[in-house]
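Chemist: below are the sequence and a predicted model; questions follow.
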Amino acid sequence: MYIRSKTFTRKNGTQKTYLYLVEARRFKDPNNPKKSKVRQVTIASLGEQEKFQDKIPQVLQHLIKYSKEKLELLDLAQDLSPDEALEFGPKIIFERIWSDLGLDKIINKLQRKTKHQFNLEQALFSSVLNRIVEPKSELATCNLWADNVYGLEKFQLHQYYRSLDFLIEHKPKIEQDLFHNIRDLFNLEVDLVLFDTSSIIYRGDGGRAEEILDYGFSKEKRFDLKQVVIGVLMSKEGLPLAHFVYPGNTNDFSAFPQMLAEAKSKFPIRRVVFVFDKGMTSKKNLQKLVDNHDEYIAGARIKQLSSDKREKLLEKIDMQQVKQNLWAKEVVLDDQRYIVCYNPKQAEKDLQRREEVIARLRENLKTKGLKSLLISKEYSKYVTIKADKPKLNEEKIKAEELFDGMFVLTTNNKDLSPPEVVTAYKDLQKVERAFRCLKTELQIGPIYHHTEPRIRAHIMVAFLALVLRIILEKKLKETEKNLSFSRVLADIKKIKAVKFNVKDKKYVMRTEIQGEAYQAFKVLNLKPPLRILEQP
């Protein structure tokens, strides 16, 4: 028995829809008694659909009274009571990556050798997940954040701290196993790795961590605060492989040899090539690397060369295209290997920027004094003084045209081709982006822990969060280059687990997967969880 609708058109063109209660009945075929036919029989006419709709709840209530079954009509307003909506999406996605990297097995295996009675692996995963989703302190994670994530095991504050102590105690083994798992998972040939360092500020007096906290060159320009220096080892594909922590007064060229020695002792790396920008390039620094038999690729300070050498380097002849908008050639001067690069698109921007500066300078020459022009870095290089009067230095303006769209690299490596050298230098941007991610999205600093092991553990949690985040981003980019990672992550965060009660029975339902979130499930070969989840 079911409801059937029929629509009739009147003479004036208007339409009316009527509802009928019908039943399918089987009748014998009068022409063939051995066969039967099914026909619809109208049991009752319910009238116009528009008028009958308002009466449906009342009719159902009356019908239930005469039913032999114990039926109940759900009153959404009275019988359905929503409880809370919990975070769910990020936990599913990043727990899969955590498992794919074998971190659960690595930590569980190490825990079996300890006396800890709680789930260290899940406590550490909670800390790492929090760093990705909503960075908070261990206290806030324990008291607030973890309670709002569905399916996440809850821990006491001292257990979070114990897990940090465990993490840093077993850092060498965890990082070594993780290195091998990343290499195998992505079929990496670790024949060239990238190094870079950055500083993380510390707030407070340092407590019992005076050996690692010190004043130094702050990348964040906070020279009034103590800091630590962290280094990251990254594959040429942009995957973080290991991290290192040094006292805050360590400079880059002191850190690099330590990182190199430690990396070579831990990991099967065939070749390490230091890649750094021209801010660290000096004859003294390069000679240190040569004396240590290390290879390097560095941005060259070509303005410090003689004018003859500059002109020879910057000639746009015999250049080969490396990729779109990038050309390169190799030049050897005084047994030093240079890779000269030219970007025609950047050249247009450099020319336009210089012309804008010159135009403003011409106006300012009429109105501003000599001192204000010389103080300005933007203007001073284009100004010359004759008879105590400033005027444009036309020769300097002409000389600057040589550098439009040009940058020069120097290397002591003999094997890499010019395109490979340029690519390796460009890959340095991946490490720089990783540091920006650590400091912004993952909020690695400022640090508040009072002991050196806890400071190191805090940094390692942020590093593991960086690994998980970059792996998801890399997999998404392999599928669709224009896919926005931030958009995908925002849509993942929209996936909630909603707790609700229906007539005193508890249920949990997953919300719909919206926007680009499904792409994360797709690239991880992960099936979305069922709509109705396990009851709490």
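Modeler: Cool, got the structure.
Chemist: tell me the secondary structure for A497?
Modeler: Three-state assignment for A497 (DSSP: H, G, I helix; E, B strand; the rest coil): strand.
Chemist: how near is the residue nearest to it when sequence neighbours are not counted to I93?
Modeler: In this structure, A497 finds its nearest non-sequential neighbour in Y150, 3.5 Å apart by CB to CB, 6 or more residues apart in numbering. Every C-beta, even on glycine, is put in place using the N, C-alpha and C of the backbone. In this view, Y150 and I93 are 13 Å apart by CB to CB, to the nearest Å.
Chemist: same thing with L233?
Modeler: According to CB to CB, L233 and I93 sit 25 Å apart.
Chemist: also S265?
Modeler: 34 Å.
Chemist: who has more neighbours, the two?
Modeler: A side-by-side neighbour count of S265 and I93, using other CB atoms under 10 Å, places I93 first with 25 against 8.
Chemist: give me the pLDDT value at the more buried one.
Modeler: Each residue has a pLDDT score; the one for I93 is 97.
Chemist: can you give me phi and psi for it?
Modeler: Comment: the main-chain dihedrals of I93 come out as phi -70, psi -50, following degrees, to the nearest 10.
Chemist: residue contacts, the residue nearest to A497?
Modeler: With contact taken as CB atoms under 8 Å, 6 or more residues apart in numbering, Y150 is in contact with L86, E87, F88, K91, K496, A497, V508, L533.
Chemist: from the contact counts, what lies against the strand ranked longest in the chain?
Modeler: When secondary structure is assigned using DSSP state E, the longest strand within the chain turns out to be strand 32-48. If you count contacts as 3 or more CB pairs under 8 Å, 6 or more residues apart in numbering; DSSP states H and E, strand 32-48 packs onto strand 15-29.
Chemist: which elements pack onto the strand it packs on?
Modeler: Judged by 3+ CB pairs under 8 Å, 6+ apart, the packing partners of strand 15-29 are strand 2-9, strand 32-48, helix 49-52.
Chemist: so where is the stretch 151-300 of the chain shaky, pLDDT-wise?
Modeler: 204-207, 271, 279-280 (pLDDT under 70).
Chemist: quick one, helices of it?
Modeler: Under the criterion DSSP state H, counting those that start in this stretch, the stretch 151-300 of the chain contains helices at 157-169, 171-185, 252-266, 283-291.
Chemist: in TSV, list the ones you listed along with distance to T197.
Modeler: Output for the helices of the stretch 151-300 of the chain, formatted as TSV (distance: least, CB to CB, whole Å):
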stretch	distance to T197
helix 157-169	20
helix 171-185	17
helix 252-266	5
helix 283-291	14
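Chemist: deepest-packed of the ones you listed, please.
Modeler: For the helices of the stretch 151-300 of the chain, the largest average neighbour count (mean count of other CB atoms under 10 Å) is found in helix 157-169, namely a mean of 19.
Chemist: so it versus helix 171-185, what angle?
Modeler: Following axes from the mean of the first three to the mean of the last three CA atoms, to 10 degrees, one obtains 70 degrees for the angle between helix 157-169 and helix 171-185.
Chemist: may I have helix 157-169 exported as CSV, CA atoms only?
Modeler: Coordinates of the C-alpha atoms in helix 157-169 are reproduced here as CSV (Å, rounded to 0.1, in the frame of the first residue of the first chain):
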residue,chain,number,x,y,z
LEU,A,157,48.9,16.6,31.8
HIS,A,158,51.8,14.7,33.3
GLN,A,159,51.4,12.0,30.6
TYR,A,160,51.8,14.5,27.9
TYR,A,161,55.1,15.7,29.5
ARG,A,162,56.3,12.1,30.0
SER,A,163,55.6,11.5,26.3
LEU,A,164,57.8,14.5,25.4
ASP,A,165,60.6,13.1,27.6
PHE,A,166,60.3,9.8,25.8
LEU,A,167,60.3,11.4,22.4
ILE,A,168,63.6,13.3,22.9
GLU,A,169,65.2,10.4,24.7
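Chemist: what does it rub up against?
Modeler: Contacts of helix 157-169 with the rest of the structure, by CB under 8 Å, 6+ apart, involve 110-111, 114, 116, 118, 120, 123-124, 126-127, 138-139, 141-143, 155, 174, 453-454, 456-458, 460-461.
Chemist: of these, select the buried ones using a ChimeraX command.
Modeler: Burial among these is assessed by 16 or more other CB atoms under 10 Å; the matching ChimeraX selection reads:
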select :110,111,120,123,124,126,127,138,141,142,155,174,453,454,456,457,458,460,461
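Chemist: in helices only, show me the contacts of helix 157-169.
Modeler: Secondary structure from DSSP state H places 110-111, 120, 123-124, 126-127, 138-139, 174, 453-454, 456-458, 460-461 of those in helices.
Chemist: ok, T7 - contacts?
Modeler: Applying CB under 8 Å, 6+ apart to T7 gives the contacts Q15, K16, T17, Y18.
Chemist: tell me what it is bridged to.
Modeler: Using DSSP bridges, the beta-bridge partners of T7 come out as T17.
Chemist: quick thing: my sequence starts at 46, can you match it?
Modeler: Got it, first residue is 46 now, which makes that one T52.
Chemist: against E68, how distant is it?
Modeler: For T52, the distance to E68 (CB to CB) stands at 21 Å.
Chemist: skipping adjacent residues, who's closest to the residue positioned nearest the centre of the chain in space?
Modeler: Most central in the chain under CA atoms, centre = their mean is R514, positioned 4.4 Å from the mean C-alpha point. Of all residues not flanking R514 in the chain, I177 sits nearest, at 5.8 Å (CB to CB, 6+ apart).
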